[in-house]
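S.K.: Dropping a prediction and its sequence here:
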Amino acid sequence: MALATAGAARAQSVHPSIPDADLPALIAKLDQRHFDAFNHCDTDTLQALYAPDVEFFHDLNGRVMNRDQFIQAVRKNICGKLQRRVLEGTMEVYPMAKIGALQMGRHCFVKAGEADCIQQGRYSILWRFDGTNWQIAKVFSYDHRPMTGGAAPAP
């Protein structure tokens, strides 16, 4: 998995307890937990990972949501219908001094029970760290487009 660390050497540390060099692996684990919960409709885990005041921006439906609205939308539109896959080698992570980290990457979506991606898109997530816990504060999900042939696109 390609993880961007070039900005880490120049940026201020996220928190004294987290070396910048460890940040990409840490965010990759959080991302895995996040989308395991998303893909398995584990709304309790999603509730814990999303800040109550999260803002979620989506290019196709223009929604801006708080955590409760996001969880409701997942239950209605995602659970049992779609799953998300990260496109290998596309994730980038950058420290955000005294805030947390910015994660960017590409993903695709699969209909439940099927193997091939039907849609791809890009995402940016601002992870906020309070010294103890990481939570998702802002999400931008954009550049969604249909996929043909079901194969994942090249990064």
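M.R.: In hand now; what should we look at?
S.K.: can you pull out the helices in the chain?
M.R.: For the chain, helices defined by DSSP state H occupy the ranges 23-39, 43-49, 67-77.
S.K.: which one of those lies closest to E92?
M.R.: helix 23-39 (8.4 Å; CB to CB). For glycine as for every other residue, the C-beta is placed from the backbone atoms N, C-alpha and C.
S.K.: Ok, which of the helices of the chain comes nearest C108?
M.R.: Using CB to CB, the nearest of the helices of the chain to C108 is helix 23-39, at 11.7 Å.
S.K.: what does the closest one rub up against?
M.R.: 1, 3-5, 8, 14, 18, 42-43, 45-46, 49, 74, 78, 83-84, 86, 91, 93, 95, 101, 103, 125, 127, 134, 136 (CB atoms under 8 Å, 6 or more residues apart in numbering).
S.K.: cool, and stretch 138-145?
M.R.: 54-60, 119-126.
S.K.: hmm, back to that, turn the helices of the chain into TSV, including mean neighbour count and distance to R145.
M.R.: Listed next are the helices of the chain as TSV, based on neighbours: other CB atoms under 10 Å; distance: least, CB to CB, whole Å:
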stretch	mean neighbour count	distance to R145
helix 23-39	18	20
helix 43-49	15	25
helix 67-77	14	18
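S.K.: Turn these into TSV, columns for distance to E114.
M.R.: TSV is the format used below for the helices of the chain (distance: least, CB to CB, whole Å):
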stretch	distance to E114
helix 23-39	13
helix 43-49	23
helix 67-77	17
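S.K.: A112: which of the ones you listed is closest?
M.R.: helix 23-39 (9.1 Å).
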